[in-house]
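1. Let me see the structure of the following:
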Amino acid sequence: MSDSFFTRRSFLQSAATAGAAATLASGVRLAAQQPVEQGAPPYPESGTLIPDDGWHLWIDEKAAWASDDLFLPEDIRQDANGVVHGKDSPLPVSPPTGGWSVLTPEAGKEILLPTTVEQHFWGKFGSRPYTPEEYRYAAPAHNAAPPADDDVPQNGAYFGVSWWYRKIDIPAAMQGKRIFLHVRGAHLRAEVYLNQKLVGYSIMEELPFEAELTHAANPGGENILAIRITNPFGRFDWVDGLNAKWGKVSLYRSHGFGGLDRGMTISAHKGSVRIRELWVLNDTSPGRIYARASTEIVGDSQPIGYLHHEVVDPATGKILLETKTAKGPLHQRVLEHDAGMSAGKVSTWDLESPTLYHLRTTWVDEDGSSDTRTISFGFRSFAPEGLGKNALFRLNGRRIRIYSSISWGFWGLNGMFPVPELAEKEVTQAKKLGLNCLNFHRNLAKEDVLRAHDRLGLLRYMEPGAGKMAIGKLPSHTVANANSVVMEKPTSEAEKFAQRYMFVKCVEMVKAYRSHPSVIEYCLQNEIGADLKNPDTIAVLEAMRAEDPSRCIVLNDGFVAPPRKAAQAWFEPWNPKLHRSDEEAWGGWWNQHQGAGDQWYDEFYKSPTDYTYRAPHKDVITEFGEMEGCARPDNHSLMVHQITDTYKKYGGISYDLTDHEEIIASYEKFLDKWGFRKAFPTAESVFLAVGKTCYETWGNYMENARISDELDFAAISGWESTAIENHSGIVDNLRNFKADPRLISGSLMPVRPIAKQRAMCVTRGNPATFDLYLANDTPQAATGTLTFAMITPSGKRKDLITLPAPEHAVDQFSYLLKEGFETPALDEEGLYRFKFSLSSALLSTQTKELWVTNVPEMMYRTPLRVGVSGITPALRQQLQALHPQIGLEVVDFKPGERYNLIVSSGLTTHTESEGQVGETTGEVMPVMKPGHAPEPGEVPTPTQLGHLQHGILEAVQAGTPLLAIPQADTLSDGVARELAAAGAFTYNGAVGDFRAPWMGNWYFVREHALFSGMPVDQAMGNFYQAKGRQSNGLLVEGTGVDVIVGYSRDHDRKVGAGTFTAKLGKGKLLFHRVPELHPVLQQRFLANTLRWLTT
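-> Predicted coordinates for the structure are as follows:
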């Protein structure tokens, strides 16, 4: 530590206790460590749990709420008679419409916590299109029809008041004691009533709060707890940068569900002192903690006593360590205490051995009364080290690289709160994927999730969601999702309320979760822009640090690197120095969000010095805080089964059930209609095939991260998808995998041989080139030998090279073993598998698959005469390159002349070959199509529709085959219209582009002569490498139409055609909308096309 812990904060303590609290008391005893038993002991709750079942939910449609006054926690107090005040005036009591008698078991729907109104009543009070303030792609499109970019999903949320009520047990033994209710979280405003008396109030989104029940309780008698929840508005996507008006004030527009978390407790306290809070902070040295407690005096007395801290092994009940502060008076009504405690024989909390202990703290009063509180914690250290030289993270003294994924905080069933099974599944699924961390991204933590992290051994990064609002307000005319925006000073009272609300939220987040050993970092805001000279920017970071100086507290996640160079500032654990990007390079923490692409492309790895996700610096912490991902569909079929059966005890329903059912139905219809059942027997087969391309992509991305030894933090974008957004999630909101998790987890094994391919497809007869690495994230040396072997499509195995394990270097995770290794010529067609193994760790063997094909010899007696019109120079060259194998003459099309085949993309002097659109992160915006609403930074580029040259339609009708290959939206739409008008098929428009990398689109292909020698009966993934930004599919009908390649996107209910055949008059027609393929497969496809069309 760089400064003395006990001078970091001013504690209001009596002279009698101050000295003893600062160091270990003379009475400290250390007991022998006992082995921890298997299984998780009960978690130390802050009282007696109220059952999660037996609750009833009643919707109060007529209740008034929109003009209510709102109050922050600092405005709320409860007087000596139990009356709750807001800014010194009693809060209004708002009984249910119709009176308290309406809250009967019969009137309300019986529910099981946690849940939301939306889980049970989605759409029951009306559905409507989303607004731009609720869903990013509901934004009106300029001159477009329909008037919204995505008008398919409907908002069925209920905005208004709901009542949550049940009988609770307050035993007669609580008579004469102070009684408190602890609520883990609610959304949004919660007004707590006991026996029709208002006892508590919170406006703090999903954060814990307490209510004193003493004056309303009927110990030993009947007690009815009723919580009035008001959900005023909200978003259903990832955007977290928008405030909304409620009455006279503004506050953050968070997720739009109205609900209540589980795990409420009641506690009773006797005596003049209550321990309000208890928390543990870890030192940078494992085995040393700081026990902190907050005491509260009841009444006007001045209690005298001491605090007794005990570290308990929960598995055995044995006291391992204890300390007592000196006896003395408490001079303040609310007082914070601090005690350092060291232990040399306890187990550390680690990823593989997440040992937890309990801190049991008791106030012992001289009058004989006492008050005890117990919390769970773990001994562990986590901190950066080596800034300015070799910066890295250390967990319990050893180097660690963070492999994480960003979670937006959406949960299956109810949308907002995880049921216990899903809280645990969150962690077990992450570990099965090989991750060692998850990010709470643009949303608050959930208690059950952090408990699972602590218990099972997974790190967690924290964000409050919209933390930038604690600095100020968005500048006028700035969109909510704009990146790197510098906030302005609020001027109106409504804006000042919003700023204070967020400031309090950030601080309360820290206070709520600081004892969890899994938590390693608090970040104010994702992709923030900030003025470091603005005192408000620093004030919120300092306030967070005042509550927890033991963790990294970071201003910004994203775009610190060029070209944006967003501001960065952060505190190291236990160091008062604020690192700032206006004083040191990158502020000591380089963080980039990189839109690599929608799937793996060969260009993402070219050589050991040229690849995506290569960290550029060693002397600062380096992080790719969002590695742009590969958006693919959920396994909707599995989700419907789980909602209606696996998790049936929660009602057998979900707010998004209808969405999943509609998507399944659209795929099932497509499979039947176009004969895809042999390749894909069910819709689920499609979902899993497409999901596999996502996991294969991430396997390649994470290999890149592994081989960059300088990289410290790699975050997958993202974790969970929803029914309408964030489809780049690698699990769905029920935390199910989208494919075999080993495709990702293999790349993240602690010791892993990595063969990085220079290309995914190789021309038959050529060698493949690899760079061979060993990744070793452990402190132990890898031993033995490494063998690189290949298995041919016919099953023959051949060892290619054997290498010794590299000499181990401390804190080095990546070793380049062999650069530019060439295999023998690959002379078989099909799938080659390459195995890279380490003799001392055979389970870590990597399997890399490459596809090998070529253009087969099929010379015609007379060279094919191919007339081309409106195609790109690149396509012309690709056709000409087929001449040696096929024999063809490529000439410009002229009406009236004879050709064996016509090829046209519909290009004219006023069209663009890339007239597509999509939102991007960290990349240049693509050309836009007409009717698209410009994204921030986009400049509209007008284009015209594709057009077939005069004479082409007549030639086809007379019998000349046509390859229509318009590989962009503007081209495709124009060409399809003309062919449809000529009678080739019925054209009903396009499915649509991919909107953004996190929304996604995909093709899937069945066996057909057009794809001979190419991968079929699967999704078009990393072998095909068709650019997602340029992809689309057509909605076609007609006699003789045959679809070979299917296409869809995100959550669309439409499934269209990427490649299909038809007839126009006497001529064969092949319409190919799929963008240019991997060069090797592109040439094979063109050769297959020529053969199929001319035979």
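
2. Where does the residue nearest to residue 1024 when sequence neighbours are not counted sit: helix, strand or coil?
-> In space, and not counting its chain neighbours, residue 1024 is closest to residue 1077: 5.1 Å by Cβ to Cβ, 6 or more residues apart in numbering. (Glycine included, C-beta is placed from N, CA and C.) Classification of residue 1077 using DSSP: H, G, I helix; E, B strand; the rest coil returns coil.

3. what sits against residue 1077?
-> Applying Cβ atoms under 8 Å, 6 or more residues apart in numbering, we find residue 1077 in contact with 1024-1026, 1085.

4. and of these, the nearest to residue 329?
-> Nearest to residue 329, judged by Cβ to Cβ, of the contacts of residue 1077 is residue 1025 at 73.9 Å.

5. give me every residue that touches that closest one.
-> By Cβ under 8 Å, 6+ apart, the contact set of residue 1025 is 599-602, 760, 1077-1078.

6. Repeat the analysis, applying 6 Å as the threshold.
-> By Cβ atoms under 6 Å, 6 or more residues apart in numbering, residue 1025 lies in contact with 601, 1078.

7. any idea which helix or strand carries it?
-> Element membership for residue 1025, per DSSP states H and E: none, as it lies in no helix or strand.

8. Need the pLDDT of it.
-> At residue 1025, the model reports a pLDDT of 97.

9. Could you do residue 26 as well?
-> Looking at residue 26, its pLDDT reads 26.

10. Assign residue 671 to helix, strand or coil.
-> Criterion first, three-state DSSP; result for residue 671: helix.

11. show me where pLDDT drops low in the protein?
-> Along the chain, the model assigns pLDDT under 70 to residues 1-40, 139-148, 595-596, 910-943.

12. for it, what's the longest helix?
-> Longest among the helix segments of the chain by residue count, using DSSP state H, is helix 683-707.

13. And it, how far out from the chain middle?
-> The chain centre lies 16 Å from the centre of helix 683-707; the measure is Cα atoms, centre = their mean, to the nearest Å.

14. Please apply the same query to stretch 1084-1092.
-> Between the centre of stretch 1084-1092 and the centre of its chain there are 41 Å (Cα atoms, centre = their mean).

15. Buried residues of it, list them for me.
-> For stretch 1084-1092, the neighbour count (16 or more other Cβ atoms under 10 Å) marks 1084-1092 as buried.

16. Just the helices from the stretch 451-600 of the chain, written as ranges.
-> Ranges of helices in the stretch 451-600 of the chain, per DSSP state H, counting those that start in this stretch, are 493-513, 535-547.

17. Next, the angle from the longest one to helix 535-547.
-> If I follow you right, that is helix 493-513. 20 degrees (axes from the mean of the first three to the mean of the last three Cα atoms, to 10 degrees).

18. Which secondary structure elements does helix 493-513 sit against?
-> For helix 493-513, the elements it packs on are strand 249-252, helix 535-547, judged by 3 or more Cβ pairs under 6 Å, 6 or more residues apart in numbering; DSSP states H and E.

19. hey, which of those is tucked in deepest?
-> Of all those, strand 249-252 carries the top mean neighbour count, a mean of 24, counting by mean count of other Cβ atoms under 10 Å.

20. OK, contacts around residue 826?
-> With contact set as Cβ under 6 Å, 6+ apart, residue 826 has these partners: 762, 832, 852.
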